[in-house]
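Peer 1: Sequence and predicted structure, then a few things I'm wondering about:
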Amino acid sequence: MASGQLRVLAPESSEPMEDSSELRMLFHRLNNQLGIILAHAELIEAKSADEANRARAAQVVASALEAMATARQIREQTAPPSDPQ
């Protein structure tokens, strides 16, 4: 494996994933889970009566958004090169 290259393993396996559709599905699932975390944190942030809870919820919101951006970057770096047409 080349230096700096990401090796993605199949779920519950030590074998590298060969099928890009499996990898896309994993990113889709991860993004869905992060979206749920984000939605709940935003709701808590909006509904909290005290500043301490709003601040905690805001940290979760920021972290979820950062995790989603990181997942997007990983997906883009592991995507097969597109064919120029």
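Peer 2: Okay, I see it.
Peer 1: Is residue 56 within a helix or a strand, and which one?
Peer 2: Following DSSP states H and E, one finds residue 56 within helix 51-78.
Peer 1: Flag every buried residue along that helix.
Peer 2: The neighbour-count check on helix 51-78 (16 or more other CB atoms under 10 Å) flags 57, 60-61, 64, 67-68, 71, 75, 78 as buried. Just so you know, the C-beta spots here come from the backbone N, C-alpha and C atoms, and that holds for glycine as well.
Peer 1: same question, stretch 39-49
Peer 2: For stretch 39-49, a neighbour-count test (16+ other CB under 10 Å) marks 41, 44-45 as buried.
Peer 1: returning to what we had before: please state the offset of the helix holding residue 56 from the chain centre?
Peer 2: Distance, stretch centre to chain centre, for helix 51-78: 8 Å (CA atoms, centre = their mean, to the nearest Å).
Peer 1: Reduced to three states, what does the residue nearest to residue 65 when sequence neighbours are not counted come out as?
Peer 2: Sequence neighbours aside, residue 38 is the residue nearest to residue 65 in space, at 6.7 Å (criterion: CB to CB, 6 or more residues apart in numbering). At residue 38 the chain is in helix, as set by DSSP: H, G, I helix; E, B strand; the rest coil.
Peer 1: Quick check: residue 38 touching residue 61?
Peer 2: Yes. If you go by CB atoms under 8 Å, residue 38 and residue 61 touch, sitting 6.3 Å apart.
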